[in-house]
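Chemist: Compute the structure for the input listed below.
(one chain, ligands or ions: 1)
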Amino acid sequence: MVGALDGDRSQARGCLVVFEGIDGAGSTTQLTLLAGWLRQQGVDLEVTREPSGGPLGAVLRQVVDGRCDLDAFALALAFAADRADHLGNRVNGVRALLDQGRWVLCDRYVLSSLAYQRGEAIDWDWLRELNRHALEPDVTVLVDTSVPVAAERIARRSSRVERFHEQAELERTRANYRSLVDAGDVGLGRLIVVGGDEDADSVFGELLAQFAPWFEAVAGAPGGAG
Ligand code: TYD
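Modeler: Next up, the predicted model:
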């Protein structure tokens with residue numbers, strides 16, 4: 001058994017698994033499939049996302065939905081501030097959940113800030129520094145989907161014009177993700193990269209082929225997960 005189900009809550013810290021990818025990549029679908037699989041394995045988990053459901057996340061939702069605009073610096077600060085609250089909130093923060101032995105699956109995390117907020121106007125070291133406080137995840141799953149496929153998925157699911165959805169923006173963000181994982185100097189935990197162009201079940205098969213061996217090693221370790 002893993003995490004909080006083994007009756008030994010004080011021993012095992014939960015694991016933080018984060019999902020990343022450009023808009024339309026299908027990372028939310030993969031998160032949902034992995035959450036179902038982990039629950040079947042007996043893992044007690046919570047699903048969350050960034051922007052978070054907290055007060056700063058609510059402001060950021062207005063921005064990403066195009067209902068208001070924020071200056072690029074303010075936006076980078078706001079995402080980092082939302083993440084700090086999401087992690088540290090004493091009531092339902094991610095750290096508190098992990099300390100209780102629960103696993104947390106989070107849709108978007110630090111890599112989103114580094115891939116999306118990177119820009120000519122923003123000093124790279126400053127952006128890195130802003131996000132340095134964030135707890136390193138145990139696993140990062142990057143769903144790497146080509147821009148035409150992602151753009152088609154976005155077009156199918158919504159007529160809303162969201163801020164980061166233009167093709168050029170998708171290209172730029174995908175290139176940023178790839179250079180971040182290639183550089184390997186951001187703490188991502190165990191990195192899993194899966195191609196996201198196929199149907200959801202095929203992508204999940206690829207994900208599980210990489211995730212399950214890691215999971216078995218962690219779940220089988222003395223003290224359970226973590
Ligand atoms: P998304 O996760 O796609 O949520 P929804 O399905 O509700 O549209 O949208 C969140 C957007 O916010 C996405 O375009 C990426 C962006 N974002 C950043 O720019 N920086 C960040 O740090 C985070 C967490 C998200």
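Chemist: what residues does the one helix or strand in the chain whose mean pLDDT sits lowest touch?
Modeler: When each helix and strand of the chain is scored by mean pLDDT, DSSP states H and E, helix 147-157 comes last, with a mean of 92. With Cβ atoms under 8 Å, 6 or more residues apart in numbering as the test, helix 147-157 has contacts from 22-26, 145, 162, 165, 167, 170-171, 174, 196-197. Every residue, glycine included, has its C-beta placed from N, CA and C.
Chemist: which of these has the most neighbours?
Modeler: I22 (31 neighbours; other Cβ atoms under 10 Å).
Chemist: mind checking the SS state of that one?
Modeler: Three-state call for I22 (DSSP: H, G, I helix; E, B strand; the rest coil): coil.
Chemist: how about it, what does it touch?
Modeler: Residues in contact with I22 (Cβ under 8 Å, 6+ apart) are 145, 147, 150, 170, 173-174, 177.
Chemist: again, only this time at 10 Å
Modeler: Contacts for I22 (Cβ atoms under 10 Å, 6 or more residues apart in numbering) come out as 112, 115-116, 142-147, 150-151, 154, 164-165, 169-177, 196.
Chemist: Show me these that map onto strands.
Modeler: Among those, the members found in strands (DSSP state E) are 142-144.
Chemist: All the strands of the protein, in order from the start?
Modeler: Taking DSSP E to define them, one finds strands in the chain at 16-20, 45-49, 103-107, 139-144, 190-195.
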